[in-house]
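>>> give the three-dimensional model of this entry:
(one chain, ligands or ions: 1)
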Amino acid sequence: MERFARIGEAAKALGVSITTLRRWETEGRLCAEHTAGGRRRYDLAKLRPEWFHAADRAIRRAIACACVSSHDQKDDLERQKQLLELYCARQGGTFEGCGGNRPRRIGKSASNLSRQVSLSLKEGNVARLEDCRERCKIPVPVMASARQIRLGVDLGGTKIEVLVLEGEEREIARRRIPTPTGSYEAILDAVRRLVTEVEEELGLAPLPVGVASPGALMEPTGLVKNSNTVVLCGRPLRTDLEQLLARPVRIANDANCFALSEAADGAGKGDSVVFGVILGTGVGGGLVIEGKIVPGINGIAGEWGHNSLPWPSPGELPGPECYCGKRGCIETFLSGPGLALDHARASGERWRPEEIVRGAENGDPACEATLRRYEDRLARGLAHVVNLIDPGTIVLGGGLSKIARLYRRVPHLWNQWIFSDRVATKLVAPRHGDSSGVRGAARLWETPISPPPSLRNFGKSE
Ligand SMILES: OC[C@H]1O[C@](O)(CO)[C@@H](O)[C@@H]1O
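Numbering: from 1, shown residues only. Here you go, the predicted model:
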């Protein structure tokens, strides 16, 4: 690959049009080099450093440190972290996140941190923030965060959606396409296309991206686990997207993003403990406490869909086979395919969930019986959730959350299984419908997820 590219090649490398590239140059966000003959060339090693530094990436170690001096500078800290994260992504590395604090207060860990920084400075591996600003000539997310623009991607089993949110509520762009089936690379490419198209159309500098995805990232490898979109399993989704998009990416479980969105400005707003449930191709759950996602030490908090169905009747045992290798998981009864399978077993008819719901509305006894079994199982499953975490609100999401009767019937049924004389938990429909996942993904850049345990100890002596 030629390092010094003509304008068309450089625009292609960045995934933008020539007009956008020219505008960035006029705005001083990137500079061209000049050949001896006075021709403009764009240095790809600066624009897409990850293509050129793959070899030394493996041996380089960077410590990124952001600091502010008081609590009311939280926004400033977040901006510094975004800048550092972008810098690391541009160098081809992955930023794992480190908090900033008042150095005076963090005492021992501060001195360990500064020892690590000076060691790395000696090794030539640390870039000061000023250096990052200087080197990140190409658009930085600081600009976006000043305008409070966030970009979320919902990477679902059936559709990929991109959303750009301005401020708290305003959706300024949205795109949705069917998820390409069968190939991980096709999924990555679809995300890249959607993100760059939407940014280009709005004339935005590359934004940091939040992604909602089924499953979780295995730490410390960052490989995906537990995704019902099985081509994602075992893949380094975050690193691959960071490299492809040349920017920092945060990924969280789809149900966690859904719960975050509904707790922030949706049906759970005002409640300190909100449990968000996905009833779709898969069944998942996310827990948000005081406005923050609780990811859990294994990254699986809320995954109630892979517990076995509680208080099973003999006819429900051992239960259908699950893709996770077990039998009788809640997901095998309460997902869309689970509902269809249950109806087919009982009636011999292979109907889709929406046909079963319509059938029940039109008085079909087999459809009515299927929905009653579904409601009873949902009540038992959610009773476990209430007994365990006792949330103020449970919000249902995913395709099956559109079944209106669930909100009337399930709270009557769950009383018998919940260990309390009175149940105040509300079961509610999502305010943002099936946009909640993508809204929560965009919010990943506003409410940082608590760092995994390995990073919580960052700066402490080993
Ligand atoms: O997509 C819905 C849910 O399905 C799962 O992959 C489990 O099978 C969860 O991780 C996700 O939240």
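>>> what about the closest residue to residue 178 other than its chain neighbours? Give its phi and psi, please.
Excluding its sequence neighbours, the residue lying closest to residue 178 (Cβ to Cβ, 6 or more residues apart in numbering) is residue 159, at 5.8 Å. Any C-beta I mention is one placed from the backbone N, CA and C, and that applies to glycine too. In this entry, residue 159 is assigned phi and psi values of phi -140, psi 150 (degrees, to the nearest 10).
>>> is it true that residue 159 touches residue 175?
No: with the criterion set as Cβ atoms under 8 Å, residue 159 and residue 175 do not qualify as a contacting pair; they are 10.2 Å apart.
>>> and the longest helix for this protein?
Taking DSSP state H as the criterion, the chain has its longest helix at helix 365-389.
>>> paired strands for whichever helix or strand comes after that helix, with orientation please.
Reading on from helix 365-389 to the C-terminus, the next helix or strand found by DSSP states H and E is strand 393-397. In the sheet containing strand 393-397, the strands it pairs with under DSSP bridges are strand 273-279 (parallel), strand 426-428 (parallel).
>>> pick the most deeply packed of these.
strand 273-279 (a mean of 29; mean count of other Cβ atoms under 10 Å).
>>> and the average pLDDT for that one is what?
Strand 273-279 shows an average pLDDT of 98 in the prediction.
>>> contacts for whichever helix or strand residue 354 is part of next, please.
Using DSSP H and E, the secondary-structure element containing residue 354 is helix 353-361. Judged by Cβ atoms under 8 Å, 6 or more residues apart in numbering, the contacts made with helix 353-361 from elsewhere in the structure are 336, 339-340, 343, 351, 366-368, 370-371, 399-400, 403.
>>> mind checking how far it is from the chain centre?
Offset of helix 353-361 from its chain centre (Cα atoms, centre = their mean, to the nearest Å): 32 Å.
>>> same check, this time on stretch 326-339
In this view, stretch 326-339 has its centroid 24 Å away from the chain centroid, taken as Cα atoms, centre = their mean.
>>> ok, the contacts of helix 353-361 vs residue 244, which is closest?
Checking the contacts of helix 353-361 against residue 244 with Cβ to Cβ, the nearest one is residue 399 at 29.1 Å.
>>> distance of that closest one from the ligand?
Residue 399 sits at a distance of 11 Å from the ligand (criterion: Cβ to the nearest ligand atom, to the nearest Å).
>>> do residue 404 as well
Distance of residue 404 to the ligand, computed by Cβ to the nearest ligand atom: 21 Å.
>>> pLDDT wise, what is that residue at?
Per the predicted model, pLDDT is 98 at residue 404.
>>> now do the same contact list for it.
Going by Cβ under 8 Å, 6+ apart, residue 404 touches residue 429.
>>> any idea how far it lies from residue 360?
Per Cβ to Cβ, to the nearest Å, residue 404 is found 11 Å from residue 360.
>>> do the same with residue 275
Between residue 275 and residue 360 the distance, using Cβ to Cβ, works out to 26 Å.
>>> again with residue 9
Distance of residue 9 to residue 360, computed by Cβ to Cβ: 59 Å.
>>> so what's the backbone phi/psi at residue 425?
Here is the backbone geometry of residue 425 (degrees, to the nearest 10): phi -60, psi 130.
>>> not counting its neighbours along the chain, what's nearest it?
Excluding the flanking residues, the one nearest residue 425 by Cβ to Cβ, 6+ apart is residue 386, at 5.5 Å.
>>> wait, that neighbour sits on residue 415?
No: Residue 386 sits out of contact with residue 415 when judged by Cβ under 8 Å, with a separation of 10.1 Å.
>>> looking at the two, which one has more neighbours?
residue 386 (20 against 13; other Cβ atoms under 10 Å).
>>> how close does the more buried one get to residue 310?
Shown here: residue 386 relative to residue 310, a distance of 11 Å by Cβ to Cβ.
>>> show me the domain layout of this structure.
Per automatic domain parsing, the domain ranges recorded for the chain read 4-47, 62-144, 149-256, 267-430.
>>> distance from the chain centre to the last one, please.
Translated: domain 267-430. Between the mean C-alpha location of domain 267-430 and the chain-wide mean there is a distance of 22 Å, by Cα atoms, centre = their mean.
>>> tell me the secondary structure at residue 337.
Under DSSP: H, G, I helix; E, B strand; the rest coil, the three-state class of residue 337 is helix.
>>> show me the contacts for it.
Taking Cβ under 8 Å, 6+ apart as the definition of contact, the neighbours of residue 337 are residue 281.
>>> same thing but 10 Å
For residue 337, the contacting residues are 228, 280-282, 320, 331, 352-353, taking Cβ atoms under 10 Å, 6 or more residues apart in numbering as the criterion.
>>> mind putting the residues you listed into JSON lines with secondary structure, neighbour count and distance to the ligand?
Below are the contacts of residue 337 laid out as JSON lines (DSSP: H, G, I helix; E, B strand; the rest coil; neighbours: other Cβ atoms under 10 Å; distance: Cβ to the nearest ligand atom, whole Å):
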{"residue": "228", "secondary structure": "coil", "neighbour count": "23", "distance to the ligand": "4"}
{"residue": "280", "secondary structure": "coil", "neighbour count": "26", "distance to the ligand": "6"}
{"residue": "281", "secondary structure": "coil", "neighbour count": "18", "distance to the ligand": "6"}
{"residue": "282", "secondary structure": "coil", "neighbour count": "30", "distance to the ligand": "2"}
{"residue": "320", "secondary structure": "coil", "neighbour count": "16", "distance to the ligand": "14"}
{"residue": "331", "secondary structure": "helix", "neighbour count": "29", "distance to the ligand": "5"}
{"residue": "352", "secondary structure": "coil", "neighbour count": "13", "distance to the ligand": "18"}
{"residue": "353", "secondary structure": "helix", "neighbour count": "22", "distance to the ligand": "15"}
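>>> what residue ranges in the stretch 251-400 of the chain score low on pLDDT?
Residues of the stretch 251-400 of the chain meeting the criterion pLDDT under 70: none.
>>> tell me which parts of it are close to the ligand?
The interface of the stretch 251-400 of the chain toward the ligand, taken as Cβ under 6 Å from any ligand atom, is made up of 253-255, 278, 280, 282-284, 303, 305, 331.
>>> which stretches in the stretch 201-350 of the chain count as strands?
Counting by DSSP state E, counting those that start in this stretch, the segments of the stretch 201-350 of the chain that form strands are 209-213, 216-218, 223-225, 249-253, 273-279, 283-289, 292-293.
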